[in-house]
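Student: The amino acid sequence is not available; the structure is as follows:
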Ligand code: OGA
Ligand code: MN
């Protein structure tokens, strides 16, 4: 297994690994360490099957059924599908499922169908973003807690006619909300990271609304400044693994044609 860095803040390529074969415990440990070190791993995995994909996910922990993406069904519920043909592009910055009490610790996404050009994925290191804050801002954020809410995505669609008032009302009533610290600590590295995103984070608890909006807007913009990012141009068969405890990501919705990904997320735990 050879590791080559791809970005200053995050991202590395892993070569010399056949992920379609079972991985021994030592290799899994090395891969996990590489994930913790680089936050995003790019692994060539042409022909990866759903069974192999799930097995690889299970090497990192228990795998989840995604809260809202469709999946492959009957025995493959843990393989979710991000399909541009179904209107799913994930084109706003987010950390996966941050509305859950324990969002996934990581996601493994395999390119099944790629557009001819475009559809790159941007990643941002939440620890690099935190480190670059002023001491005053770090002190201000200490102890703040934010509300992450799945219905925020429905609200955004509602605003632009993509969801009906009833769908929006139902999404709010479903109450898929969780509180998370605005600054989280990575359970493996101990590094502090910013943990807010423009997709799910509604507000900072206990702050006047205009203050919360202003602070969140600043943090969301700050989090994705170029020095904290890595941009991935997908090649056929690429498998990307990201540490959802240390990153945000978004797909550039600049493509025509079909983009279809299979994804497996690994369950996160309290404190992780
Ligand atoms: C996801 C996601 C990014 C991509 O699977 O959670 O945001 O590049 N996908 O498809
Ligand atoms: Mn995602």
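Tutor: Done, it's in. Here the structure is a predicted model, which means the values were calculated and not measured. Ligands and ions are numbered 1, 2, ... in the order given.
Student: so what does the helix or strand of the chain with the lowest mean pLDDT touch, helix or strand wise?
Tutor: Using mean pLDDT, DSSP states H and E, helix 151-159 stands out as the lowest-scoring helix or strand of the chain, at a mean of 94. Secondary-structure packing of helix 151-159 (3 or more C-beta pairs under 8 Å, 6 or more residues apart in numbering; DSSP states H and E): helix 165-174. The way it works is simple: take the backbone N, C-alpha and C, and place the C-beta from them, glycine included.
Student: Show me what counts as buried in the next helix or strand after the helix it packs on.
Tutor: Of the helices and strands lying after helix 165-174 in sequence (DSSP states H and E), the nearest is strand 177-181. Judged by neighbour count (16 or more other C-beta atoms under 10 Å), strand 177-181 contains these buried residues: 177, 178, 180, 181.
Student: before we move on, what about stretch 13-28?
Tutor: Buried residues in stretch 13-28 (16+ other C-beta under 10 Å): 13, 14, 17, 19, 20, 23, 27.
Student: pretty sure the fourth one is touching residue 238, no?
Tutor: No - with contact taken as C-beta atoms under 8 Å, residue 19 and residue 238 are classed as non-touching, separated by 11.2 Å.
Student: what residues are shared contacts of those two?
Tutor: Contact with both residue 19 and residue 238 is made by residues 43, 45, according to C-beta atoms under 8 Å, 6 or more residues apart in numbering.
Student: follow-up on the earlier one: would you mind giving the buried residues of strand 177-181 as JSON lines with pLDDT and distance to residue 191 added?
Tutor: Formatted as JSON lines, the buried residues of strand 177-181 follow (pLDDT from 0 to 100; distance: C-beta to C-beta, whole Å):
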{"residue": "177", "pLDDT": "97", "distance to residue 191": "26"}
{"residue": "178", "pLDDT": "98", "distance to residue 191": "22"}
{"residue": "180", "pLDDT": "98", "distance to residue 191": "16"}
{"residue": "181", "pLDDT": "98", "distance to residue 191": "14"}
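Student: Next, the angle helix 165-174 makes with the least confident helix or strand of the chain.
Tutor: 170 degrees (axes from the mean of the first three to the mean of the last three C-alpha atoms, to 10 degrees).
Student: Quick check: buried residues in helix 151-159?
Tutor: For helix 151-159, a neighbour-count test (16+ other C-beta under 10 Å) marks 151, 152, 153, 154, 158 as buried.
Student: try stretch 2-16
Tutor: 3, 6, 7, 9, 10, 11, 12, 13, 14.
Student: Which elements pack onto the host helix or strand of the last one?
Tutor: Pointing back at residue 14 there. Element membership of residue 14, judged by DSSP H and E, is strand 12-15. Applying 3+ C-beta pairs under 8 Å, 6+ apart, we find strand 12-15 packed against strand 2-5, helix 25-38, strand 40-44.
Student: cutoff 10 Å now
Tutor: strand 2-5, helix 25-38, strand 40-44, strand 238-243 (3 or more C-beta pairs under 10 Å, 6 or more residues apart in numbering; DSSP states H and E).
Student: What pairs with that strand, parallel or antiparallel?
Tutor: When pairs are called by DSSP bridges, strand 12-15 turns out to pair with strand 2-5 (antiparallel), strand 40-44 (parallel).
Student: Centre of the chain to the first one, how far?
Tutor: The reference is to strand 2-5. 21 Å (C-alpha atoms, centre = their mean, to the nearest Å).
Student: coming back round to it: so which of the strands paired with strand 12-15 gets nearest residue 62?
Tutor: strand 40-44 (19.7 Å; C-beta to C-beta).
Student: The closest one to helix 25-38, inter-axis angle?
Tutor: 130 degrees.
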